[in-house]
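**Student:** Sequence and predicted structure are below.
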Amino acid sequence: MTLIVALLYLLALVGIGLWSISRTRNDRDFYLAGSRLGLLPVSAATMSSIMSGFVFVGGPGLFYSVGLSSFWITISSSFTGAMMCWLLARPLQQMAEREGCLTIPDIVFQRYRCRFSSAMATVGIMLGVVGYLATQLEAVGFIIQSQFPVSPGWAALIAMAVLVFYTVAGGMIACVYTDILQGALILFTSLAVFFVALKTGGGLSAMSYTLVESDAGLMHPWGTVGAFGALSWFFVFSIGSLGQPHVVHKMMMVRDLRVLRYFPLILALAMVLCGAVWLGGGLAIKSLVLRGEIAPLRAPDFAITEFLRFAAPAWLQALAYTGVLAAIMSTVDSFANVGAGAMVRDFPRALRRPLPKRLLWGRLATFSLFCAAYLFARYWGGLVAYLGIFGFSTFAAALTPTLALGLNWPEAGPWAARLSILTGLIANLLFELLSRAGLYDLAILPSACALALSFMVFIGAALLLDSPTKISAIPISRV
Amino acid sequence: MAKLPIKKIYFLAATFVMFVGAVLFKNPFWFALSITGILVFLTALAFPSKPLLMVFGCWLVGVFTFLHWVGDQTDGILGLPAPAFAMLAGIWIIPILIWPLGFLLAFRRWFDQ
């Protein structure tokens, strides 16, 4: 049954893809879906690009490992949509419309008139894309392993083959309109899983009682990671959401700012519904294992698949696996688009070496990004959620100050952008490596430290190094 | 776009100083307050409604204060221990009624800015 539902879903995607091909006529159509999106497509596309294997597979897995404190990662999604609109929607939409910007590195170049900043933003995007694609590969790998008797290496390889085939074929128009279908499927799946979790676990009260009885930390907000760890996640995922290129890029696609009136409210409600799978799935599987109804998992990332196998009827299993597939594919196509655009369009332009035959190079770039992601996922060896956190924080540390602060502070200039992006990239990678080697000793998590450092460098450089008169003389809409 | 008052940037810089202080002195409550301050002062760069910013900031400070000082897991609300309920209701659900709904209500003002 799972196979039939998945095939029907894939057929629907192919139909939308074929319809979209005739509507893709130029670069603006390819990168920005023609900048003609209304409320429903932009809301669905934003939600679908946020929801991924990180949330569906990594979330319940992390809850299984560390308890309720893992929820600090997704908790801020109820209000970050409003922040994104206030801080980024106007400058991004106007720069896309008036200055012809198509990608985030274009925005960085136009805003700061600095090729180095644009090139560094491109490098940050490529690194983050590799981290995030690796997360999706690992997530699909776990789904494949739960259904077929294959080793983790083969599962990731099969996942890569499926995802490369899917993403190389489509452009952004296909992505956005498939996102409506995928978004609806994700919402329905999340709600269904949540209610089945409540029913199977005996209700919130019984499940939380089981967890508190076993280890009080599992149901405490600071829980097993401590207050600094939990709040570090809150800091990175609330502020850092303003530097996620695959999400903020959607603000460049709206046809008019009036479209956004209900956007934060719709996004917040949708994200709360989606967050239910993290909470419900994680809570249910942990309590079932603690009660001895399910054997301890061979790895925490099998939490959602084991829960579905144990508790869900066949139709829901089929729908849930398709929903997880939808969440992963909708994120992967956004990333492949952003990453390939960065490699074949933005980076060569920043080096003044534009590439001919961009479509061919774009497909090769997508393939090479997947290969890098596969190798990275093999090297990582940790939970899917931690891989997702690394991808998220790479974007956050590199781009958040440059976009969220820089687009709202006309006096900030190129030195602030250059130093902040460079600091964010180096600090995030360095702190992560130090942490894995056991040499990182601060109370907060490496990703939070890198993001804070990147902000402080931006503010310091803008105040001390940039020339206010030179930059503020140019209205921001013209920069 | 109007030139930004530098005062807003100094407030934001001050919250980052507080962030560093909280990390160095290992004080999680001040750390939570500094994150709230960063959220509010960063958003203040683009949104002029001080009441909406203050309500959000005060609400988060209230929830963090509760979480920091009340750790009793035996009190239950709607089937969840009180701190877990405060976290989920206070930071996940109720903020929808402050910023996303506030965005909708103050949309005309932001749009005409």
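**Tutor:** Structure's in. What do you need? Numbering: from 1, shown residues only, chains lettered A, B, ... in the order given.
**Student:** Quick check: pLDDT value at residue 98.
**Tutor:** Unless you meant another one, I'm taking chain A. Note on residue A:98: pLDDT of 85.
**Student:** oops, chain B please
**Tutor:** At residue B:98, pLDDT is 89.
**Student:** Please determine how far it is located from chain A.
**Tutor:** 7 Å (CB to the nearest CB, to the nearest Å). C-betas here are computed from N, CA, C, even on glycine.
**Student:** If you tally nearby residues, what's the number for that residue?
**Tutor:** Residues near residue B:98, counting by other CB atoms under 10 Å in any protein chain shown, number 20.
**Student:** Skipping adjacent residues, who's closest to it in space?
**Tutor:** residue B:56 (4.9 Å; CB to CB, 6 or more residues apart in numbering or on different chains).
**Student:** next SSE after the strand or helix carrying the one you found?
**Tutor:** Assigned by DSSP states H and E, residue B:56 falls within helix B:50-69. Remark: after helix B:50-69, the chain's next helix or strand is strand B:76-77, criterion DSSP H and E.
**Student:** So in that sheet, which strands flank that next one, and in what orientation?
**Tutor:** Taking DSSP bridges as the criterion, strand B:76-77 pairs within the sheet with strand B:80-81 (antiparallel).
**Student:** Could you tell me which residues make contact with the residue nearest to residue B:98?
**Tutor:** A:79, B:39, B:40, B:95, B:98, B:99, B:102 (CB atoms under 8 Å, 6 or more residues apart in numbering or on different chains).
**Student:** Between all of these, which two are separated the most?
**Tutor:** Greatest spatial distance among the contacts of residue B:56 (CB to CB): B:39 and B:102, at 13.7 Å.
**Student:** mind checking the SS state of residue A:410?
**Tutor:** coil (DSSP: H, G, I helix; E, B strand; the rest coil).
**Student:** List phi and psi for it.
**Tutor:** Main-chain dihedrals, residue A:410, degrees, to the nearest 10: phi -60, psi -30.
**Student:** how deep is it tucked in, by neighbour count?
**Tutor:** Neighbours of residue A:410 using other CB under 10 Å come to 20.
**Student:** Tell me the spacing between it and residue A:312.
**Tutor:** 53 Å (CB to CB, to the nearest Å).
**Student:** What of residue B:100?
**Tutor:** Look at residue B:100 and residue A:312: by CB to CB, they are 31 Å apart.
**Student:** more crowded one of these two?
**Tutor:** residue B:100 (26 against 19).
**Student:** That one: what's it in contact with?
**Tutor:** Per CB under 8 Å, 6+ apart, neighbours of residue B:100: A:78, A:79, A:81, A:82, A:264, A:265, A:267, A:268.
**Student:** Does the last one belong to a helix, a strand or coil?
**Tutor:** Residue A:268 falls in the helix class when you classify it by three-state DSSP.
**Student:** Now do the contacts for it.
**Tutor:** Counting by CB under 8 Å, 6+ apart, residue A:268 has contacts A:77, A:78, A:79, A:81, A:82, B:96, B:100.
**Student:** Buried subset of those as a PyMOL selection?
**Tutor:** Only the buried members of the contacts of residue A:268 end up in this PyMOL selection, burial being decided by 16 or more other CB atoms under 10 Å in any protein chain shown:
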select buried, (chain A and resi 77+78+79+81+82) or (chain B and resi 96+100)
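**Student:** Please, where are all the strands along the stretch 201-350 of chain A?
**Tutor:** Ranges of strands within the stretch 201-350 of chain A: none, based on DSSP state E, counting those that start in this stretch.
**Student:** Please list the residues of it that sit near chain B.
**Tutor:** For the stretch 201-350 of chain A, the residues in contact with chain B (CB under 8 Å from any CB of the partner chain) are A:203-206, A:208, A:212, A:216, A:219-222, A:226-228, A:231, A:234-235, A:238-239, A:257-258, A:261-262, A:264-265, A:267-269, A:272, A:275, A:279.
**Student:** Can you tell me which helix or strand of chain B has the lowest average pLDDT?
**Tutor:** Least confident helix or strand of chain B, by mean pLDDT, DSSP states H and E, is strand B:76-77 with a mean of 76.
**Student:** List the contacts of it.
**Tutor:** Outside strand B:76-77, the residues touching it (CB under 8 Å, 6+ apart) are A:205, A:208, B:82, B:85.
**Student:** I figured the last one hits residue B:78, correct?
**Tutor:** Yep, that's residue B:85 we're talking about. Yes. The criterion here is CB atoms under 8 Å, and residue B:85 meets it with residue B:78 at 6.2 Å.
**Student:** So for these two, which sits in the more crowded spot?
**Tutor:** residue B:85 (18 against 10).
**Student:** Find the residue closest to that one in space, skipping its chain neighbours.
**Tutor:** Distances taken as CB to CB, 6+ apart put residue B:77 closest to residue B:85, at 4.2 Å, once the chain neighbours are dropped.
**Student:** cool, and residue A:397?
**Tutor:** Spatial nearest neighbour of residue A:397, chain neighbours left out: residue A:424 (3.4 Å); criterion: CB to CB, 6+ apart.
**Student:** Likewise for residue A:413?
**Tutor:** residue A:466 (3.1 Å).
**Student:** Distance of residue A:155 relative to residue A:51?
**Tutor:** Using CB to CB, we find residue A:155 at a distance of 21 Å from residue A:51.
**Student:** ok, now residue A:334?
**Tutor:** Distance from residue A:334 to residue A:51, by CB to CB: 11 Å.
**Student:** and residue 113, how many neighbours does it have?
**Tutor:** By default, I'm working from chain A. Residue A:113: 15 neighbours (other CB under 10 Å).
**Student:** meant chain B, my bad for not saying
**Tutor:** Neighbours of residue B:113 (other CB under 10 Å): 12.
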